[in-house]
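Colleague: Fold the following.
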Amino acid sequence: MRVEIEKLIKDKIIDQRNIKNQILIWRSNGNKVTFTNGVFDLLHIGHITYLAKAAELGDKLIIGLNSDSSVRRLKGRNRPINDQNSRATLLAALFFVDGVVIFEEDTPLNLISSVLPDILVKGADYSPSDIVGSSEVLANGGEVKTINFIEGCSSTSIIEKIKKLSL
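Modeller: Numbering: from 1, shown residues only. This next block holds a predicted model:
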């Protein structure tokens with residue numbers, strides 16, 4: 001049984017070259033594809049709540065995950081705390097996540113342009129017009145939605161709390 005679970009999780013981590021084929025299969029079965037992206041460094045309740053709400057918007061949820069090198073460029077040399085394979089595996093283990101795709105660029109624009117999801121989702125700290133890939137998704141007939149975060153939940157705040165406790 002354990003090997004089957006491990007394979008199920010591993011199979012959800014999809015190479016960027018293969019995601020379009022998987023989406024074609026899902027769409028041929030009448031599924032609506034939702035896409036979101038992020039670093040998801042230290043998985044916490046804010047992430048889980050956000051991702052669960054994103055999953056409810058469609059039938060299949062794809063997460064674009066920043067690669068380690070991308071995270072370092074965006075967040076600094078001390079990040080990520082967890083490497084991309086660990087972060088991808090944790091996300092893929094969530095029952096409501098259908099695919100995790102690691103991308104190297106600083107933004108997921110190329111991935112979004114390739115995937116062209118039915119629904120593009122980001123946190124409500126973005127306005128829909130400022131979301132990377134929104135114009136591409138809208139031009140393809142898709143939707144762009146935002147989801148409110150849980151206040152005070154972030155990987156950065158967890159890291160800061162750990163730093164204070166270790167002093």
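
Colleague: For this structure, give me the ranges with low pLDDT.
Modeller: 1-2, 153, 167 (pLDDT under 70).

Colleague: hey, where'd the strands end up in it?
Modeller: Secondary structure of the chain (DSSP state E): strands located at 33-38, 60-66, 99-103, 119-123, 143-147.

Colleague: Just list what the last one packs against, helices and strands only.
Modeller: Using 3 or more CB pairs under 8 Å, 6 or more residues apart in numbering; DSSP states H and E as the contact criterion, the elements in contact with strand 143-147 are helix 45-56, strand 119-123, helix 134-139. From N, CA and C alone the C-beta is placed, and that goes for glycine too.

Colleague: any idea how far Ser86 is from the residue nearest to Ile158 when sequence neighbours are not counted?
Modeller: Closest residue in space to Ile158, ignoring its immediate chain neighbours: Leu42 at 5.1 Å, by CB to CB, 6 or more residues apart in numbering. Distance from Leu42 to Ser86, counting by CB to CB, to the nearest Å: 11 Å.

Colleague: Who has more neighbours out of the two?
Modeller: Using other CB atoms under 10 Å as the criterion, Leu42 and Ser86 rank with Leu42 on top: 19 against 13.

Colleague: And the strands of the chain: which comes nearest Glu4?
Modeller: Closest to Glu4 of the strands of the chain is strand 99-103 (CB to CB; 18.3 Å).

Colleague: Show me what that closest one is packed against.
Modeller: Using 3+ CB pairs under 8 Å, 6+ apart: strand 99-103 touches helix 19-28, strand 60-66, helix 84-92, helix 109-115.

Colleague: Out of the ones you listed, the one nearest Glu6 is which?
Modeller: Per CB to CB, nearest to Glu6 of the helices and strands packed on strand 99-103: helix 84-92, 9.3 Å.

Colleague: any chance of the strands of the chain in TSV, plus mean neighbour count and distance to Asp11?
Modeller: Output for these, formatted as TSV (neighbours: other CB atoms under 10 Å; distance: least, CB to CB, whole Å):
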stretch	mean neighbour count	distance to Asp11
strand 33-38	24	17
strand 60-66	25	14
strand 99-103	22	9
strand 119-123	22	23
strand 143-147	17	26
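
Colleague: nearest to Ser129, of the ones you listed?
Modeller: Between Ser129 and the strands of the chain, the shortest gap by CB to CB is with strand 143-147, which sits at 8.3 Å.

Colleague: ok, the closest one: who's next to it in the sheet?
Modeller: Strand pairing for strand 143-147, using DSSP bridges, gives strand 119-123 (parallel).
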